[in-house]
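>>> what's the 3D shape of this:
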Amino acid sequence: MNKLFSFIFFYFLGFYAVIGQSGNAYVGSIHPMEPIDSHYKELSLLNNIEREEFKWMDSISFPAELYLDNAILLAMSEPSYLTNDQVEYLKKSVRFPANSSEQTRAELDFLLDIQNNRTNSQSKRVMEIGDVGYWPNANYLKDHLYYSKNLEHLFFESREVLGESYHAGNYPKTSALLENIMIDMRIIEFAIKFHLLRARPYQLEPKLKPLKEIKSPSFASGHTLWAYIQAYTFAELIPSKRKEFLELAYEIGYSREIMGVHYPSDEEAARQIAHRMLYLMWHSSEFQQDFRAAQQEWQSRLD
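Okay, the predicted model is just below:
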C-alpha cells in the first residue's frame, strides 16, 4: 500500500493545477505529511494483492441491506472548498488491500490480538470517542435536537489539546472554517466508502466481536478522516501544537481498531486522504479567506 500511496501522492502534487483552483494568492504552504509509522508501516510492507488460494474472500463486500440512505445522500452533496472534480479524483485515488491478501490477513490477526488484550478502561475510552462526530445536517437549524452537541463535537480536538475554553462560542471564525471542512470531509468519507464497499473486519473474520457494529462500509475510516483533517488544520493555525494534535488524531484512529470496526489500512488511508484534502483546499480562494479569518482570531487570542 505504501508504494501505491506514494505514487498517488506525488502524482497528486503535480495534478492539482489541472483539477485545483490555481492562481490564487494563499497563506504560505502546509506542512508536509509525516511519514508512515508504527504498526501501519509494518503492515503496509506486506503483499496487498489477491492470493489464489483465498480468492473466494474477494467476493465479500459490505452488505447492501445495511446501506444508510442519509450516508449516501452525504456522498452526493455539494462540497464547500473542494470542487466536484477534486471529490471525484479523491474518490478514485485509493484502494484497499485485497480481502484475500497477506496484508489483510495480518491486519485481521492484529485486530484479534487487540481484542484478546483490550482492557475495560480502553473499551470505555474508545466508546466515548466513538460517540464524537460532527454532522452537517444537525448544524443546519439552530433548534435541531443535536445542534449544541454537534458544535461541541466540532471542537472536540481543541478542547482535548488546549482546554475547555476552546469552543465554537469563543471562536466563531474557526467554527465557520471547520464547519465547511467537515462538509467536505463527510462527502469524501462516504464517496470513497460507497465507491469501494469494503467489508468490515468482522464481516471477514467471524472471531472478531466488535464493541459496536457500524452501518457503513469500512474503507476509509470516517473517524480517522475527521480526526486528521481537523488536526492538520489546527496544526496550521497553531503550529506549536502540531505534535499534540497529531497524537490525538492517532489515538482517535487507533480507537477504531480497538473497537474492532476498522482495519489498520483504513486508518492509514484516512490519514493520507486528510492531508491531500487540506492540500487541495489550501489552493481554494474561499478556504484561504476563511483560514485567514480563523488565523487572525487565534493570533488575537494567543498574543
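
>>> which parts of the longest helix seen in the chain are buried?
Longest helix in the chain by number of residues, with DSSP state H as the criterion: helix 172-196. Judged by neighbour count (16 or more other CB atoms under 10 Å), helix 172-196 contains these buried residues: 173-175, 177-196. Backbone N, C-alpha and C define where each C-beta goes, glycine included.

>>> isn't Glu268 up against Ser44?
Yes - with contact defined as CB atoms under 8 Å, Glu268 reaches Ser44; the gap is 6.7 Å.

>>> with neighbour numbers in mind, choose between those two.
Glu268 (25 against 19; other CB atoms under 10 Å).

>>> spatially, what comes nearest to that one if we skip its sequence neighbours?
Tyr40 (4.3 Å; CB to CB, 6 or more residues apart in numbering).

>>> now the one you found. Its backbone dihedrals?
phi -60, psi -40 (degrees, to the nearest 10).

>>> got the contact list for it?
Pro264, Ser265, Glu267, Glu268 (CB atoms under 8 Å, 6 or more residues apart in numbering).

>>> so of those, which ones are in helices?
Pro264, Ser265, Glu267, Glu268.

>>> leaving aside the residues adjacent along the chain, what's closest to the spatially most central residue of the chain?
Centroid check for the chain by CA atoms, centre = their mean gives Leu225 as the closest residue, at 0.6 Å. In space, and not counting its chain neighbours, Leu225 is closest to Ala270: 4.2 Å by CB to CB, 6+ apart.

>>> quick one: what helix or strand has the one you found in it?
For Ala270, the host element (DSSP states H and E) is helix 264-282.

>>> and that helix, how far out from the chain middle?
6 Å (CA atoms, centre = their mean, to the nearest Å).

>>> distance of the residue sitting furthest away from the middle of the chain relative to Arg105?
The centre of the chain is farthest from one residue, Glu53, which by CA atoms, centre = their mean lies 32.8 Å away. Separation of Glu53 from Arg105 (CB to CB, to the nearest Å): 11 Å.

>>> how many neighbouring residues does the nearest residue to Asn180 once chain neighbours are set aside have?
Excluding the flanking residues, the one nearest Asn180 by CB to CB, 6+ apart is Ser80, at 3.8 Å. By other CB under 10 Å, the residues close to Ser80 number 20.
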